[in-house]
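Student: below is the sequence, then the predicted model.
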There are 2 protein chains.
Amino acid sequence: MKEFQLIEHFFNRRGQTRRDVELGIGDDCALVQVAANKSIAISCDTLVENVHFYADIPPQALGYKSLAVNLSDLASMGAEPAWMTLALTLPDVDETWLEQFSSGLFDAAEYYGVSLIGGDTTRGPRSISITINGLVPTGTALTRSGAKNGDWIYVTGTLGDSALGLDVIRGNRRVDVEYNEYLINRHYYPTPRVLAGQALRNLASSAIDLSDGLAADILHVLKRSEVGAVIDVDLLPLSQAVKDSVSELEALNYALSGGEDYELLFTVPEAQKGALDTALAHACVEFTQVGQVTSDKQLRLIRNGEPFNLTNIGFEHFS
Amino acid sequence: MKEFQLIEHFFNRRGQTRRDVELGIGDDCALVQVAANKSIAISCDTLVENVHFYADIPPQALGYKSLAVNLSDLASMGAEPAWMTLALTLPDVDETWLEQFSSGLFDAAEYYGVSLIGGDTTRGPRSISITINGLVPTGTALTRSGAKNGDWIYVTGTLGDSALGLDVIRGNRRVDVEYNEYLINRHYYPTPRVLAGQALRNLASSAIDLSDGLAADILHVLKRSEVGAVIDVDLLPLSQAVKDSVSELEALNYALSGGEDYELLFTVPEAQKGALDTALAHACVEFTQVGQVTSDKQLRLIRNGEPFNLTNIGFEHFS
């Protein structure tokens, strides 16, 4: 048997079926329908043990996060979540683990309206690969390639919390007890900015989600859009937890290169700036202007009005 | 960086882009469009080293087969292949391996008209997970659940070649030199019956692809269709290679429980029987009637008109 029936039990017992799912789990393929004038946004992310997560991650957090990082890709395109397939590789059948993992996965799936329509469970070193499908009115998807000279650059939420949270989890940092849970949760339970992404359709000129850190991820936008940017690092939004726990330079390091924040970075033309507040009012997320798109195809950082060099904070991958 | 750029080079250099792909690899999601009145068939299969394949499989065969087993799921639904995402986990960056693996993958992708629209490459124990998307006119997909009492049961091609081929590869069997390459190729390069599946729409009452062996896979059809079946094992189509290489009972074992043939098993109502020849004429595949659907919710095998018990041939998983 290529699939363990015991495992499938955990993934068949929960999760709503969307009306656009003709046929769910249990046949050779699932069948889904797409409304006219919608395009499908498709993305695939894999999490491998000891590469993307440690063996001591709570299974519930792993289940939640596996879907959340995929939802974040949909968010950055302005797509509405729809269906997913799950390729789960496990070293053994541990019912407690499966109970908790599937519980975290379905918590996220139900909150964001995603139907699990297929999957494959295999024995091997633990990894989770999800392919997510979302829907977006044709022609309105946000991409990395639309930023124009003069557009304003924004990010949602606060930056660096997830990376500091990971350091707290690993015992590399100690923080005040009042921030402990917040930071750990920002690492284990990132919030994909799904509503914000949809609200930015017809408004933002480009968008990307921050998985590797702002300093690395913004380069994808600049390259695809053939533009440059200036970022004022004094404007980077930091949580009270980060500000109170580490030095200013350390905070900038977390914010610029920490990764796994799963916030959105997006660009907005001057003419659309005034519409942002209204558009994002229902998305329940703060957003902060951090810089501006330039024509010179360079990324420049400034701090206190002076050029700021990332190597100051030990950033290596920058190029 | 969560993705290795070097690896991506191998997967960006080939492969056509279908007209229904608005945006391919390179953004947070791909974007695709679906014609009105089409449903999307979606399936996901993972191959893990030392579970589904051995480390000595030629990388080209692995690339081909990873896609072929997914195409076989589309075939069994009568769907036309369209797009895929690839989650590839590799222990290291071996350029020769990547060259050959991607070559085999794209050979299959180009032959069957599949666009690679996304993926994720991660470091870890070698595994390949593909999510395939196909298109089928809404309401015409073949499923496991439509078989009716009295329908005739057919299989495409010949059965048992792949399993005997694996035994040849592993050195567990020696066969006449003239059959060696044929059998090994049937294991490494199975033919997904994509055209046959599409030809069976509006004609077959149910279908499934044979991945675990007929005796196991037919049970999925019987369960979902709430019927039984009688299979005349004397009718099972065997290649000359199988017939000449092993005993009659061994041949039945390979044919019934060997697995990985990726042929289609399908059921056809009496009234449609006459239309089969014409429908399958362009699918370039033989097909053989091997039994009939019954109302008693049991699977019965007969040989020379007598009941035939699978335990005779060491079959264990049968229930």
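Tutor: Perfect, thanks for sending it.

Student: ok, now which ones touch the residue lying closest to residue A:159 once chain neighbours are set aside?
Tutor: What sits nearest to residue A:159 in space, not counting adjacent residues and going by Cβ to Cβ, 6 or more residues apart in numbering or on different chains, is residue A:255, at 3.8 Å. Every C-beta, even on glycine, is put in place using the N, C-alpha and C of the backbone. Counting by Cβ atoms under 8 Å, 6 or more residues apart in numbering or on different chains, residue A:255 makes contact with A:159-160, A:214, A:233, A:236, A:238, A:242.

Student: keep only those of the residues you listed that are in helices.
Tutor: A:214, A:242 (DSSP state H).

Student: checking the residue nearest to residue A:159 next. Helix, strand or coil?
Tutor: Three-state assignment for residue A:255 (DSSP: H, G, I helix; E, B strand; the rest coil): helix.

Student: over to residue A:174?
Tutor: coil.

Student: for burial, what's the neighbour tally of it?
Tutor: 10 (other Cβ atoms under 10 Å in any protein chain shown).

Student: low-confidence ranges, chain A, go.
Tutor: Scanning chain A for pLDDT under 70 picks out A:1-7, A:15-16, A:312-319.

Student: for it, which segments are assigned as strands?
Tutor: A:21-23, A:30-33, A:38-48, A:80-90, A:115-123, A:127-137, A:152-156, A:206-209, A:228-232, A:264-268, A:287-294, A:299-303, A:306-307 (DSSP state E).

Student: in TSV, list the ones you listed along with mean neighbour count and distance to residue B:179.
Tutor: Compiled in TSV, these are given as follows (neighbours: other Cβ atoms under 10 Å in any protein chain shown; distance: least, Cβ to Cβ, whole Å):
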stretch	mean neighbour count	distance to residue B:179
strand A:21-23	20	40
strand A:30-33	22	39
strand A:38-48	25	39
strand A:80-90	25	35
strand A:115-123	23	31
strand A:127-137	26	38
strand A:152-156	24	63
strand A:206-209	28	54
strand A:228-232	20	64
strand A:264-268	28	59
strand A:287-294	20	65
strand A:299-303	18	62
strand A:306-307	8	72
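
Student: so which of the ones you listed gets nearest residue A:184?
Tutor: When these are compared by Cβ to Cβ, strand A:38-48 sits nearest residue A:184, at 17.6 Å.

Student: starting from that closest one, tell me which strands it pairs with and how they run.
Tutor: strand A:127-137 (antiparallel), strand B:30-33 (antiparallel) (DSSP bridges).

Student: give me the distance from it to the chain's centre.
Tutor: 12 Å (Cα atoms, centre = their mean, to the nearest Å).

Student: please apply the same query to stretch A:49-60.
Tutor: 17 Å.

Student: in it, what's buried?
Tutor: For stretch A:49-60, the neighbour count (16 or more other Cβ atoms under 10 Å in any protein chain shown) marks A:49, A:52-53, A:57-60 as buried.

Student: dump those to TSV, plus distance to chain B.
Tutor: Compiled in TSV, these are given as follows (distance: Cβ to the nearest Cβ, whole Å):
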residue	distance to chain B
A:49	8
A:52	7
A:53	11
A:57	15
A:58	21
A:59	18
A:60	22
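
Student: could you dump those to CSV with distance to residue B:204?
Tutor: What follows is the buried residues of stretch A:49-60, written out as CSV (distance: Cβ to Cβ, whole Å):
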residue, distance to residue B:204
A:49, 42
A:52, 43
A:53, 44
A:57, 46
A:58, 47
A:59, 42
A:60, 43
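
Student: from these, which is closest to residue B:205?
Tutor: After measuring the buried residues of stretch A:49-60 against residue B:205 - Cβ to Cβ - the closest member comes out as residue A:59, at 41.8 Å.

Student: enumerate every residue touching that closest one.
Tutor: A:96-98, A:100-101, A:104.

Student: just among those, which is most surrounded?
Tutor: residue A:101 (26 neighbours).

Student: so that residue sits against residue A:62, correct?
Tutor: Yes: with contact defined as Cβ atoms under 8 Å, residue A:101 reaches residue A:62; the gap is 5.9 Å.

Student: where do the contact lists of these two overlap?
Tutor: Joint contacts of residue A:101 and residue A:62 (Cβ under 8 Å, 6+ apart) do not exist.

Student: show me what contacts residue A:35?
Tutor: So residue A:35 contacts A:20, A:135 (Cβ under 8 Å, 6+ apart).

Student: quick check: residues of the stretch 101-250 of chain A near chain B?
Tutor: Contact residues, the stretch 101-250 of chain A versus chain B (Cβ under 8 Å from any Cβ of the partner chain): A:117-120, A:122-125, A:127, A:129, A:131, A:133-134, A:136, A:138, A:141, A:143-145, A:208-209, A:211-212, A:216, A:224.

Student: picking up where we left off before, nearest to residue A:202 among the contacts of residue A:59?
Tutor: Closest to residue A:202, out of all of the contacts of residue A:59 and judged by Cβ to Cβ, is residue A:104, at 33.6 Å.

Student: for residue A:69, see how far away the closest one is.
Tutor: 13 Å (Cβ to Cβ, to the nearest Å).

Student: do residue A:8 as well
Tutor: 23 Å.

Student: higher neighbour count, the two?
Tutor: The residue with more neighbours, out of residue A:8 and residue A:69, is residue A:69; 24 against 15, by other Cβ under 10 Å.

Student: excluding covalently adjacent residues, which one is nearest to that one?
Tutor: Nearest to residue A:69 is residue A:45, by Cβ to Cβ, 6+ apart, at 5.2 Å.

Student: how close does the one you found sit to residue B:64?
Tutor: 25 Å.

Student: could you do residue A:200 as well?
Tutor: 41 Å.

Student: kindly report the same for residue A:195.
Tutor: 42 Å.

Student: which one's more surrounded, the two?
Tutor: Neighbour totals were compared for residue A:195 and residue B:64, and residue B:64 leads with 23 against 16 (other Cβ under 10 Å).

Student: not counting sequence-adjacent ones, nearest residue to that one?
Tutor: Going by Cβ to Cβ, 6+ apart, residue B:64 has residue B:104 as its nearest residue, at 3.9 Å.

Student: over to residue A:88?
Tutor: residue A:121 (5.0 Å).
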